[in-house]
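>>> The following comprises the amino acid sequence and a computationally predicted model.
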Amino acid sequence: MATLRATLGLPATSAGIAEAAALLRAGALVAFGTETVYGLGADATNAEAVAGIFAAKQRPRFNPLICHYPDPAAPFADVAATPLAERLAGMFWPGPLTLILPRREPGRVALLTGAGLPSLAVRVPAHPVARALLALVGRPVAAPSANRSGRISPTRAEDVLAELDGRIAAVLDSGPCAVGVESTVLDLTGPTPVLLRPGGVAAEALRAALGGRLDRAGPIAAPEAVRAPGQLASHYAPSLPVRLEATSVAADEALLAFGPPLPGAGAVFALSVAADLTEAAARLFAGLRALDASGMARIAVMPVPRHGLGLAINDRLARAAADRPG
Ligand code: TXA
Ligand code: MG
């Protein structure tokens with residue numbers, strides 16, 4: 001949500017880092033430098049704080065976010081450890097490598113952080129200020145690059161302000177980023193490691209570490225376009241049929257409500273009785289899962305306005321209605 005105050009610039013001193021950590025723990029949005037680019041951080045365990053990231057970035061859909069940790073052992077509280085993941089962590093962390101691994105369930109990380117996927121992206125940045133901050137927060141911090149959707153990633157605190165001033169609580173200024181490109185993203189959830197995004201760790205170094213076993217998701221020039229269909233397929237899809245734009249509801253239906261729930265449903269999950277889009281975004285994935293397990297014939301979804309976070313909510317609902325496994 002946009003704040004009315006100007007964004008606070010915090011110096012990378014122990015007092016500045018402590019203030020940034022306190023803000024993150026309280027659910028505020030704080031941008032911070034890493035060795036790659038500046039991230040827009042929020043407490044990954046707080047779904048409303050994470051919804052705020054999408055609102056500030058003006059993202060029309062819920063992309064899964066990377067969780068950041070202070071040391072190489074910490075991510076394995078939230079994702080499954082495999083011998084390969086632990087070996088790569090030992091070689092490349094802290095550093096610009098993001099690993100995609102199965103998330104531990106039930107877990108503390110909000111479903112919205114991973115866009116409802118059964119996997120989670122985790123990374124341990126090398127920047128000492130970022131690590132000090134993450135250690136003080138004591139929880140995973142979700143952070144996409146701190147730019148508005150569709151713009152380039154910021155590598156200086158002033159670049160962050162140019163993008164997001166007034167929309168986030170603070171930026172922790174740790175100077176220009178040394179690497180300047182995002183982390184390399186490696187998917188370890190399948191039989192063969194897949195390079196989803198080239199980045200700060202060279203593909204050659206990864207391939208060598210993997211003994212040559214490395215698939216590439218697509219041409220480097222267009223990773224976004226190539227990755228999107230794969231992600232779409234792997235998104236959590238409810239097994240019940242989904243009916244959108246419901247203005248009435250039957251007794252054998254499970255209702256995903258926005259605003260005051262329609263009467264008559266066999267089961268109800270209220271996204272936001274007050275019709276607040278941030279609250280609704282925060283509860284969307286939990287709601288789909290809960291209703292999918294309700295034993296009803298289908299899920300009926302009340303209309304959600306198509307502005308602000310409502311765009312991303314409608315995008316996800318349309319996929320839930322279309323993606324049904326046959
Ligand atoms: O260097 C970086 O990685 C920066 C700094 C701030 O850490 N962060 C960053 O985040 O670039 P972002 O959100 O701009 O990019 C994250 C990428 C996206 O392409 C996203 O789709 C992918 O990681 N990703 C995240 N979780 C995923 C998952 N569970 N499965 C597949 N891809 C995932
Ligand atoms: Mg980005």
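Great, that's in hand. Ligands and ions are numbered 1, 2, ... in the order given.

>>> Pull out the buried positions in stretch 269-285.
The neighbour-count check on stretch 269-285 (16 or more other Cβ atoms under 10 Å) flags 269-272, 276-285 as buried. Every C-beta, even on glycine, is put in place using the N, C-alpha and C of the backbone.

>>> Please list the outside residues in contact with the longest helix along the chain.
Across the chain, the longest stretch assigned as helix under DSSP state H is helix 277-292. By Cβ atoms under 8 Å, 6 or more residues apart in numbering, the list of residues contacting helix 277-292 from outside reads 1, 47-48, 50-52, 54-55, 62, 110-112, 115-116, 236, 238-240, 254-256, 258, 267, 269-272, 299, 304-305, 307-310, 312-313, 316, 320.

>>> Make a PyMOL selection of whichever of those turn out to be buried.
Command for PyMOL that selects the buried part of the contacts of helix 277-292, burial taken from 16+ other Cβ under 10 Å:
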select buried, resi 47+48+50+51+52+54+55+62+110+111+112+115+116+236+238+240+254+255+256+258+267+269+270+271+272+299+304+308+309+310+312+313+316+320
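
>>> quick one: which of the contacts of helix 277-292 sit in strands?
Counting by DSSP state E, the contacts of helix 277-292 place 254-256, 258, 267, 269-272, 299 in strands.

>>> Show me which of those is closest to D173.
Closest approach between the ones in strands among the contacts of helix 277-292 and D173, by Cβ to Cβ: S272, at 35.2 Å.

>>> Tell me how far the closest one lies from ligand 1.
Per Cβ to the nearest ligand atom, to the nearest Å, S272 is found 25 Å from ligand 1.

>>> before we move on, the earlier item: in JSON lines: the buried residues of stretch 269-285, plus distance to A26.
Below are these laid out as JSON lines (distance: Cβ to Cβ, whole Å):
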{"residue": "F269", "distance to A26": "27"}
{"residue": "A270", "distance to A26": "25"}
{"residue": "L271", "distance to A26": "24"}
{"residue": "S272", "distance to A26": "21"}
{"residue": "D276", "distance to A26": "19"}
{"residue": "L277", "distance to A26": "21"}
{"residue": "T278", "distance to A26": "16"}
{"residue": "E279", "distance to A26": "17"}
{"residue": "A280", "distance to A26": "22"}
{"residue": "A281", "distance to A26": "19"}
{"residue": "A282", "distance to A26": "16"}
{"residue": "R283", "distance to A26": "20"}
{"residue": "L284", "distance to A26": "23"}
{"residue": "F285", "distance to A26": "23"}
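
>>> from the residues you listed, which is closest to ligand 1?
Nearest to ligand 1 among these: F285, at 12.8 Å, using Cβ to the nearest ligand atom.

>>> Near ligand 1, which residues of this structure are found?
34, 36-37, 39, 63-66, 96, 98, 100, 114, 117, 119-121, 123, 143-145, 182-183, 185, 196-197, 231 (Cβ under 6 Å from any ligand atom).

>>> among these, which ones are buried?
Buried by 16+ other Cβ under 10 Å: 34, 36-37, 39, 63-66, 96, 98, 100, 114, 117, 119-121, 123, 143-145, 182-183, 185, 196-197, out of those.

>>> Can you flag which of those belong to helices?
Among those, no member lies in helices (by DSSP H).

>>> What are the boundaries of the strands in the stretch 1-150 of the chain?
8-11, 30-33, 38-43, 66-68, 97-102, 119-123, 141-142 (DSSP state E, counting those that start in this stretch).

>>> Give me the contact list for the shortest one.
This points to strand 141-142. Taking Cβ under 8 Å, 6+ apart as the rule, strand 141-142 contacts 24, 39, 41-44, 50, 53, 65-68, 113, 133-134.

>>> just to revisit the earlier point, next, the angle from the longest helix of the chain to strand 267-272.
Our comparison of helix 277-292 with strand 267-272, counting by axes from the mean of the first three to the mean of the last three Cα atoms, to 10 degrees, yields an angle of 170 degrees.

>>> what's the pLDDT at the nearest residue to V273 once chain neighbours are set aside?
Using Cβ to Cβ, 6 or more residues apart in numbering and skipping residues adjacent in sequence, the residue nearest V273 is P260, 6.0 Å away. Note on P260: pLDDT of 98.

>>> any idea how far P260 is from A270?
8 Å (Cβ to Cβ, to the nearest Å).

>>> Where does pLDDT dip in this structure?
For the chain, the stretches with pLDDT under 70 are 1-5, 218-236, 323-326.

>>> Next, work out how far apart the residue nearest the centre of the chain and P305 are.
The centroid of the chain falls nearest to L65 when counting by Cα atoms, centre = their mean (2.4 Å). Taking Cβ to Cβ as the measure, L65 falls 24 Å from P305.
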